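Trainee: What would the 3D arrangement of this be:
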Amino acid sequence: MGAVYRARRTLLGDEVAIKIIRADKAGTVALDRFMRESRACARLRHPHIVSILDFNVDQQDHPFLVMEMLNGHSLKDEIAARGSIPLAEVQDIVPQIASALQFAHDLGFVHRDLKPANVVAHEFAPGQRVYKVVDFGVANIRDTNAERLTGPHEFIGTIAYAPPEQLSGMTVDSRADVYSLGAVIFEMLTGRPPYEGPNSMAIVDRHINSPIPRAADFRPDLPAWVDFALIRALAKNPEERWQRIADLGAAFAPGSGDTATTVTLRTGVQSGLLVTYDLGERVGTGRLGSEVYKGRHRALGLPVAIRILRRDPDRNWDAVRARFLREAQTLQVPHPSIMQVRDFGEEPDLVYLVTDYIEGLSLRELMTTVGALPWERLKPLLRQLTDAARALHRRKGLLCGISPDILRIAVDDDGERLMISSSGIWQSQDLLATLQDQTLRGLGLADAEVRYVAPELLTGRSADVRSDVFTMGVLAYEMATATLPYDGASLPALLGAMLGGRAADPTTLQPTLPDSVADAILQALRPLPEDRFESAEALAAACGV
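Mentor: Down below sits the predicted model:
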């Protein structure tokens, strides 16, 4: 509705941008909307919102707006030139946009027209680049005392990025901007908006009725957490989106990326478990009483493993669900020995986790079949275990409490490969809140995973890398000897064995094990964390792997 000019302030000498309303648009509503943008933006003083320096009406009754001059390209221009934007750059840009919009929301403004053209770069100095949100001209002021310059059901915006409620003429709130930012992120990553069509009506229909697309279908290199975050942002129902745009920004923030996000799936919706996947044969039991099935992604035809955990009145459901989510978060680490999480979702009374399907035996099945592993066979598996743990630790993840039941043995060109998962245990409460009553009451060990958990977690302390060293020590000892270093008929008995003494020398059960390796395993099993190795690297070096 206006033209933007580069200008220079005569007294200060600095460059500014001046937006002047076009004469042919100078109707009352257009003028009011222009002045509304001026007043709105003048209140929005934020490092990632374009600064308004002045606004007024000239002698010909043309209103004008004086803004800081941004010297970079818009996201629209960047996407057009580059095709898509690397994930690392997206993780830098998105929190800036979200911070700006959260500030506006807190002051009662909803942008309503967020799109790549309205996010512009500005470089203060070489290497000091920021992105700013522009054009609050259609901002919906959520103020009961303010006169609305647009009707509550009037559509103003850009259909490629507008949420279903806005396209339907319904009243919008700040969650409309969440949807629009999700659409912008989708285009940044894939080079295209989430919904395309031959005409405007087709695009509107797809926003309202089509299943939410997955960015990874257009960019397979994207980690699963990106799709989880975007599916929540692009939910048709505002109640199922991120409720604060700052939370969407935090999901993409560097360092908290690789964070899987819960996707709430309701019975009968098009993106449900049984619509997305064919559920095949049951292949085993997973942690926390879950069941593991072989499945197939219907659209892609890829084999997957689907672990389903149903609500159990005997367990703390919130704690169990949280552990499932933490496992998905932890496994977003690319490594040849770490199982990759492909999906995570919820339906009434169940949660599910989808990973790559690994052909082969579990480590438990292998040891049951062949018994203790000689050193030459154990050595590469131990190297893979410590290397994968090191990769997890670099990303602040832990494998704490994994057991042979959930580790699998794959076969590739280099021979056997140990594939690891994570237990979703980061602190004592994660474990204790999800144990069965029989275990907690000392009546038996109904939870096998406690045999692989460091004693500090069983006594109320938090886990760290040294807790994983203990878990790797238990696994190495059991692979070498087909025997656990510590055991007990109840949790108190097991804990007493862990704290009370030194495990038996593993070389008495596995003569092929070098003495140096046996000593390293026994050091990893020491009851006090400070007496163990400080890292997976140190354990690997001591074992010569």
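
Trainee: so where do the helices sit in the stretch 1-150 of the chain?
Mentor: 28-43, 75-82, 87-106 (DSSP state H, counting those that start in this stretch).

Trainee: Output the lowest mean pLDDT helix or strand found in this structure.
Mentor: strand 140-141 (a mean of 50; mean pLDDT, DSSP states H and E).

Trainee: hang on, Ile203 in a helix?
Mentor: Yes. In this structure, Ile203 lies within a helix as judged by DSSP: H, G, I helix; E, B strand; the rest coil.

Trainee: Around the closest residue to it other than its chain neighbours, how many other residues sit close by?
Mentor: Using CB to CB, 6 or more residues apart in numbering and skipping the chain neighbours, the partner closest in space to Ile203 is Gly197 (4.3 Å). All C-beta spots, glycine's among them, are computed from the backbone N, C-alpha and C. As a burial measure, Gly197 scores 15 neighbours (other CB atoms under 10 Å).

Trainee: so after the least confident helix or strand of the chain, what's the next helix or strand?
Mentor: helix 164-167 (DSSP states H and E).

Trainee: can you state the direction angle for whatever helix or strand comes next after that next one and helix 75-82?
Mentor: Where DSSP H and E defines the elements, the next helix or strand beyond helix 164-167 is helix 174-190. Going by axes from the mean of the first three to the mean of the last three CA atoms, to 10 degrees, helix 174-190 is angled at 20 degrees with respect to helix 75-82.

Trainee: So what's the gap between stretch 203-218 and the chain middle?
Mentor: In this view, stretch 203-218 has its centroid 20 Å away from the chain centroid, taken as CA atoms, centre = their mean, to the nearest Å.

Trainee: Okay, now it: how far is its last residue from its first?
Mentor: End-to-end distance of stretch 203-218 (CA to CA, to the nearest Å): 18 Å.

Trainee: who's in contact with that stretch?
Mentor: 159-160, 162-164, 167-168, 186, 189-192, 194-197, 222, 224, 226-227, 230-231, 234-236, 270-271, 299 (CB atoms under 8 Å, 6 or more residues apart in numbering).

Trainee: Buried residues, it. List them.
Mentor: Within stretch 203-218, the residues scored as buried using 16 or more other CB atoms under 10 Å are 203-204, 206-207, 212-216.

Trainee: just to revisit the earlier point, rank the helices of the stretch 1-150 of the chain by pLDDT, which is bottom?
Mentor: Least confidently modelled of the helices of the stretch 1-150 of the chain is helix 28-43, at a mean of 66 by mean pLDDT.

Trainee: surely Val130 meets Gln96?
Mentor: Yes. Counting by CB atoms under 8 Å, Val130 does reach Gln96; the two are 6.3 Å apart.

Trainee: List the contacts of Glu15.
Mentor: 6-8, 69.

Trainee: I misspoke; the intended subject was Gly500.
Mentor: Per CB under 8 Å, 6+ apart, neighbours of Gly500: none.

Trainee: now it: how far from Gly488?
Mentor: 10 Å (CB to CB, to the nearest Å).

Trainee: cool, Pro455 as well?
Mentor: 12 Å.

Trainee: The two: which is more packed in?
Mentor: Pro455 (21 against 17).

Trainee: Of the contacts of Glu15, which is the most crowded?
Mentor: Met69 (18 neighbours).

Trainee: Spatially nearest residue to that one (excluding sequence neighbours)?
Mentor: Glu15 (4.3 Å).

Trainee: and if you look at Thr386?
Mentor: Nearest to Thr386 is Ala540, by CB to CB, 6+ apart, at 3.9 Å.

Trainee: Hmm, Arg383 and that neighbour touching each other?
Mentor: Yes. Applying CB under 8 Å as the test, Ala540 and Arg383 come out as touching, 6.7 Å apart.

Trainee: Leu381 and Gly415 touch, don't they?
Mentor: No. Using CB under 8 Å, Leu381 makes no contact with Gly415, being 9.7 Å away.

Trainee: neighbour count winner among those two?
Mentor: Leu381 (23 against 10).

Trainee: ok, now how distant is that one from Arg532?
Mentor: Leu381 is 20 Å from Arg532, by CB to CB.

Trainee: now swap in Leu495 and tell me
Mentor: 17 Å.

Trainee: more crowded one of the two?
Mentor: Arg532 (23 against 19).

Trainee: Please identify the buried residues of stretch 240-258?
Mentor: 240-242, 244-252, 257-258.

Trainee: if you average pLDDT over it, what comes out?
Mentor: On average, stretch 240-258 scores 81.

Trainee: ditto for stretch 363-378
Mentor: Computed over stretch 363-378, the average pLDDT equals 94.

Trainee: do the same with stretch 310-322
Mentor: 74.

Trainee: For it, measure first residue to last.
Mentor: 14 Å.

Trainee: Walk me through the domains of the chain.
Mentor: 2-68, 75-251, 273-356, 363-543 (automatic domain parsing).

Trainee: Please enumerate the helices of the stretch 251-400 of the chain.
Mentor: Counting by DSSP H, counting those that start in this stretch, the helices of the stretch 251-400 of the chain are 273-276, 317-330, 363-370, 375-394.

Trainee: would you turn those into JSON lines with distance to Thr355?
Mentor: Output for these, formatted as JSON lines (distance: least, CB to CB, whole Å):
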{"stretch": "helix 273-276", "distance to Thr355": "14"}
{"stretch": "helix 317-330", "distance to Thr355": "9"}
{"stretch": "helix 363-370", "distance to Thr355": "16"}
{"stretch": "helix 375-394", "distance to Thr355": "14"}
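
Trainee: Please identify the deepest-packed of these.
Mentor: The highest mean neighbour count among these, using mean count of other CB atoms under 10 Å, belongs to helix 317-330: a mean of 21.

Trainee: other SSEs contacting it?
Mentor: Here helix 317-330 touches helix 224-233, strand 341-347, strand 350-356, helix 428-432, going by 3 or more CB pairs under 8 Å, 6 or more residues apart in numbering; DSSP states H and E.

Trainee: just the ones you listed: most buried one?
Mentor: helix 224-233 (a mean of 25).

Trainee: Give me the angle between that helix and helix 317-330.
Mentor: Using the same axes, to 10 degrees: helix 224-233 against helix 317-330 is 130 degrees.

Trainee: tell me the mean pLDDT over helix 224-233?
Mentor: The model assigns helix 224-233 a mean pLDDT of 83.

Trainee: just checking, what packs against that helix?
Mentor: helix 174-190, helix 245-251, helix 317-330, strand 341-347.

Trainee: These: which one's closest to Glu365?
Mentor: Comparing the helices and strands packed on helix 224-233 against Glu365 with CB to CB, the closest turns out to be helix 317-330 (21.3 Å).

Trainee: now the closest one: how far from the chain's centre is it?
Mentor: 13 Å.
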